[in-house]
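# this is the structure alone, sequence omitted:
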């Protein structure tokens, strides 16, 4: 059965979209079947994977009023007109094991339709909150295969789209960057998730009063924290003293910059105290943190990709595969990578593989 994983932080700029894409590509290269779902109205994931022109071609037109995005399912589902369709896309340079359900600005309309009181707490509209679970099942029917992992890209908010994704998700991963606001946002996540879970359970309880034999929703609404990712930090090689140089001490390994090291410590403390302990103390109906990450809680760290991330987006190529392409210097000029850039691409590929391995081990 597919493990549905939301990649979420209510802070923008922490690399959610890039991580979704690169995790999915890496899992695909490890032989896993992966479905990416762009559940963010900004659609950055869809544009990154497909490229501008292909993504625009998937949007609704006069001849194709629903397009081939997630709207082709959601609009019909919401309006109860029948004929919901699932379309998947494949990126030109993303591994073929990875399918994408493209996003659409229309997701804002779906978000507006989700009513916490009327739909969720009353239990009368639970199907709207777990629609992603339905979409995954329909995608598996369409492709005649089972997905190992479903990776969901989300907007940076605590809005209804995020709440709905958490109702369908088995796990969630929290990427963080080196700044005070990331530390603050970790605490907010710890405050909000127990409320999401309680609202779902209240609604499910009311639903079961009149539908005691309907069990499709029973195992949903139980998102489990699968770890955090320290993303976008800087490193530098530690300088050798003159005595070390004269003694022939070799170049030292790169080390995290002091400022980033300080924020890393603060983030680790926030994750442990304000997220993990909060979840474990307030959610008692199931285990809200994955057993495999109880000791350290971090499942990956990715250095700042600098100019590589721009090239990745321009070329629609995952970070770890950039060495197979020439970098874009300007719109009409491409050139080979410098050796330090080749080394950085290899390191990013290694780190993504470590992250993917941790997900395979943790999200079971």
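Received it, and whenever you're ready, just let me know what you need. Nothing here was measured: the structure is a model prediction, and the numbers come from that model.

# which residue ranges of the stretch 201-350 of the chain form strands?
Assigned by DSSP state E, counting those that start in this stretch, the stretch 201-350 of the chain shows strands spanning 224-233, 235-237, 254-256, 298-303, 327-330, 333-335.

# for this protein, which spans come out with low pLDDT?
237-253, 292-295, 330-332 (pLDDT under 70).

# buried sites along the longest helix along it?
Longest helix of the chain, by residue count under DSSP state H: helix 180-210. Using 16 or more other CB atoms under 10 Å as the test for burial, helix 180-210 gives 182-183, 185-186, 189-190, 192-194, 196-197, 199-200, 203-204, 206-207. Every residue, glycine included, has its C-beta placed from N, CA and C.

# after the host helix or strand of residue 47, heading C-terminal, what element do we hit next?
When elements are assigned from DSSP states H and E, residue 47 belongs to helix 44-50. Remark: after helix 44-50, the chain's next helix or strand is helix 52-58, criterion DSSP H and E.

# now for that next one, which elements pack on it?
helix 44-50 (3 or more CB pairs under 8 Å, 6 or more residues apart in numbering; DSSP states H and E).

# wait, what's in contact with residue 94?
By CB atoms under 8 Å, 6 or more residues apart in numbering, the residues touching residue 94 are 21, 24-25, 28, 49, 100, 316, 318.

# just flag the most distant two among those.
Using CB to CB, the contacts of residue 94 span at most 15.0 Å, a distance reached by 28 and 316.

# mean neighbour count and distance to residue 86 for the strands of the stretch 201-350 of the chain - can I get that in JSON lines?
Formatted as JSON lines, the strands of the stretch 201-350 of the chain follow (neighbours: other CB atoms under 10 Å; distance: least, CB to CB, whole Å):
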{"stretch": "strand 224-233", "mean neighbour count": "24", "distance to residue 86": "26"}
{"stretch": "strand 235-237", "mean neighbour count": "12", "distance to residue 86": "42"}
{"stretch": "strand 254-256", "mean neighbour count": "15", "distance to residue 86": "43"}
{"stretch": "strand 298-303", "mean neighbour count": "20", "distance to residue 86": "30"}
{"stretch": "strand 327-330", "mean neighbour count": "13", "distance to residue 86": "34"}
{"stretch": "strand 333-335", "mean neighbour count": "11", "distance to residue 86": "36"}
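
# tell me which of these lies nearest to residue 78.
For residue 78, the closest of the strands of the stretch 201-350 of the chain is strand 224-233, at 28.2 Å, according to CB to CB.

# output the contacting helices and strands for the closest one.
The contact analysis (3+ CB pairs under 8 Å, 6+ apart) places strand 224-233 against strand 171-176, helix 258-270, strand 298-303, helix 339-362.

# of all the ones you listed, which one comes closest to residue 279?
Taking CB to CB, strand 171-176 is the member of the helices and strands packed on strand 224-233 nearest to residue 279, at 10.5 Å.

# from residue 102, how far off is residue 41?
Counting by CB to CB, to the nearest Å, the separation of residue 41 from residue 102 is 12 Å.

# again with residue 65
16 Å.

# cool, residue 212 as well?
Applying CB to CB to residue 212 and residue 102 gives a distance of 39 Å.

# between these two, who's got more neighbours?
Legend: neighbour count by other CB atoms under 10 Å for residue 212 and residue 102, higher for residue 102 (26 against 8).

# can you tell me which residues contact the more buried one?
Residue 102 makes contact with 38, 43, 46, 50, 55, 58, 68-70, 87, 89 under the criterion CB under 8 Å, 6+ apart.

# now, which of those residues sits nearest residue 218?
Nearest member of the contacts of residue 102 to residue 218, counting by CB to CB, is residue 70, at 25.7 Å.

# name all residues that make contact with the closest one.
37-39, 101-104, 107, 135.

# at 6 Å instead, please
The neighbours of residue 70, taking CB atoms under 6 Å, 6 or more residues apart in numbering as the test, are 101, 104.

# residue 329 reaches residue 335, doesn't it?
Yes. Judged on CB atoms under 6 Å, residue 329 makes contact with residue 335 at a distance of 5.4 Å.

# list the residues that contact both of those two?
When contacts are counted by CB under 6 Å, 6+ apart, the set common to residue 329 and residue 335 is empty.

# and residue 256, what does it touch?
233, 235.

# mind running it again at 7 Å?
By CB atoms under 7 Å, 6 or more residues apart in numbering, the contact set of residue 256 is 233, 235, 264.

# residue 272: which of the residues you listed is nearest?
Using CB to CB, the shortest approach to residue 272 within these belongs to residue 264, at 12.6 Å.

# could you count how many residues lie near the closest one?
17.

# and the spatially closest residue to residue 146 that is not a sequence neighbour, how many neighbours?
Spatially, and ignoring its direct neighbours in sequence, residue 146 is nearest to residue 140 (5.7 Å; CB to CB, 6 or more residues apart in numbering). Residues lying near residue 140 (other CB under 10 Å) number 18.

# so which helix or strand takes in residue 140?
Per DSSP H and E: helix 131-143 holds residue 140.
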